[in-house]
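Peer 1: Provided below for reference: sequence and predicted model.
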Amino acid sequence: MRARARYLRCGSFAAITTGTKMNQCSLLLLVLCVAMFPVVGLGGPPDGSPHGHGAASSTTSTTAPVAVTYSGRAFAAFVDVPALGVNRMYVSDTGFLPPEGGLKTAELADVTVPGVLSAQLLVARTSGANGVAESSAALADVNVLNGLVTATFIRAESEATCNGVRGSTEVVGLTVAGKAVEVDAFAQSQPVTVVLPTGTVTVVVNEQTSSTSPGFREISVNAVHVTVTGLLQAEVILSSAHSDIDGCPSSVGGGGGCPPAPECHDFVTGGGFIAVGTGRANFGFNAGIKPNATAPDGHLNYVDHTNGWHVKSMSVSSYTITGLTSRHFEGEAEVNGVPGVTYMVDVADNAEPGRHTDTFRIRWNGYDSGDGKTTPLEGGNIQLHKPCP
């Protein structure tokens with residue numbers, strides 16, 4: 001069975017990175033769909049603030065089951081390089097989820113912290129509802145400390161339920177000090193150490209910590225954690241996701257069971273990149289019916305590196321169920337800052353993980369990313385949040 005946050009059926013499923021199994025309750029565990037809306041997510045002091053393009057913050061709240069509380073946080077990057085005037089700065093940061101749960105998101109189209117960090121499509125999301133706390137963060141085209149660490153795409157995900165926790169990491173095209181690093185998608189805390197004349201660089205991939213006690217579950221995932229010692233002292237975290245849940249029913253092992261099932265909502269979120277022509281394109285989106293809403297909503301960013309097109313949605317006017325795991329949405333957008341364009345997107349959530357299995361396609365004004373068909377992801381994930389049986 002697929003280990004997904006969007007709908008988990010009773011039984012047991014394998015934890016993505018640990019290989020352990022978590023017993024599920026005897027009823028269907030339904031998860032309330034949540035969405036990712038654009039916000040500026042920059043934290044830290046005024047000096048050394050990055051130059052980025054984003055939108056204002058947004059938070060929606062839902063009522064959590066009695067005695068069950070949530071916490072979570074996700075951020076695309078954390079940088080601390082005091083010698084360069086950057087002190088403990090969080091980039092594309094959701095902030096902390098309130099105890100009652102709900103949804104918090106952050107998104108930046110691009111960011112530049114001179115000499116420290118540059119990246120594109122930085123997205124983060126954290127949510128808590130109906131017995132599931134879930135967080136994820138991703139960023140693309142990453143350059144840390146003038147090329148000391150680079151990557152094509154980095155993503156982290158965490159989930160905590162009353163029956164256990166899981167975490168996953170995806171890292172594509174990682175290099176450290178100019179050398180390619182092979183990453184095991186399932187191994188935790190993979191260290192890479194490089195000794196340079198000016199100091200030592202340590203990179204830990206898929207850094208996970210978790211704890212469990214009666215009624216309480218928590219997990220934190222850092223996709224890439226960089227530490228530099230020597231002449232330059234630096235710490236950088238790329239894609240971090242934390243989730244926890246407290247006050248779980250005591251019906252299973254001192255803290256398990258299912259909170260009440262939510263109302264039916266249908267939502268899809270995604271982030272990653274696809275092959276386009278001889279190059280690639282990055283995307284990040286959410287679309288569907290939000291909790292307590294009857295009309296579709298969402299947001300889309302798409303960057304085609306082969307020709308410089310940047311599509312930024314202004315609305316999601318239509319959302320259609322086209323298959324068991326596929327969805328279509330469309331609306332108005334601006335392309336390279338020019339408004340008045342109608343876009344259409346088709347996605348499919350076919351497997352976990354999504355690389356080479358999930359698909360994405362966007363069209364507008366004669367442009368077709370897939371030349372007549374949907375394209376498998378080269379990296380990233382599509383998640384269909386469908387709590388209805």
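Peer 2: Received it, and whenever you're ready, just let me know what you need.

Peer 1: quick one: low-confidence parts of the stretch 151-300 of the chain?
Peer 2: Across the stretch 151-300 of the chain, the ranges flagged by pLDDT under 70 are 250-265, 290-293.

Peer 1: redo that, cut-off 90
Peer 2: By pLDDT under 90, the weakly predicted segments of the stretch 151-300 of the chain are 162-163, 182-190, 198, 214, 248-272, 277-278, 284-299.

Peer 1: and if you look at the stretch 1-150 of the chain?
Peer 2: Short version for the stretch 1-150 of the chain, where the test is pLDDT under 90: 1-68, 100-109, 121, 123-132, 134.

Peer 1: Would you map the helices across it?
Peer 2: In the stretch 1-150 of the chain, no helices are defined using DSSP state H, counting those that start in this stretch.

Peer 1: how about the strands in the stretch 1-150 of the chain?
Peer 2: 7-8, 12-14, 21-23, 29-30, 51-54, 58-60, 69-81, 86-93, 102-113, 117-129, 132-144, 149-161 (DSSP state E, counting those that start in this stretch).

Peer 1: partners of the helix or strand that the last one is followed by, with directions?
Peer 2: Think strand 149-161. Under the assignment DSSP states H and E, the closest C-terminal helix or strand after strand 149-161 is strand 164-172. According to DSSP bridges, strand 164-172 forms sheet pairs with strand 149-161 (antiparallel).

Peer 1: Mean neighbour count and distance to Ile237 for the strands of the stretch 1-150 of the chain - can I get that in JSON lines?
Peer 2: To be clear about C-beta, it is placed using only N, CA and C from the backbone, and glycine gets the same treatment. Converted to JSON lines, the strands of the stretch 1-150 of the chain look like this (neighbours: other C-beta atoms under 10 Å; distance: least, C-beta to C-beta, whole Å):
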{"stretch": "strand 7-8", "mean neighbour count": "22", "distance to Ile237": "28"}
{"stretch": "strand 12-14", "mean neighbour count": "15", "distance to Ile237": "27"}
{"stretch": "strand 21-23", "mean neighbour count": "15", "distance to Ile237": "26"}
{"stretch": "strand 29-30", "mean neighbour count": "23", "distance to Ile237": "30"}
{"stretch": "strand 51-54", "mean neighbour count": "16", "distance to Ile237": "17"}
{"stretch": "strand 58-60", "mean neighbour count": "15", "distance to Ile237": "23"}
{"stretch": "strand 69-81", "mean neighbour count": "25", "distance to Ile237": "4"}
{"stretch": "strand 86-93", "mean neighbour count": "22", "distance to Ile237": "9"}
{"stretch": "strand 102-113", "mean neighbour count": "24", "distance to Ile237": "13"}
{"stretch": "strand 117-129", "mean neighbour count": "28", "distance to Ile237": "11"}
{"stretch": "strand 132-144", "mean neighbour count": "28", "distance to Ile237": "10"}
{"stretch": "strand 149-161", "mean neighbour count": "26", "distance to Ile237": "9"}
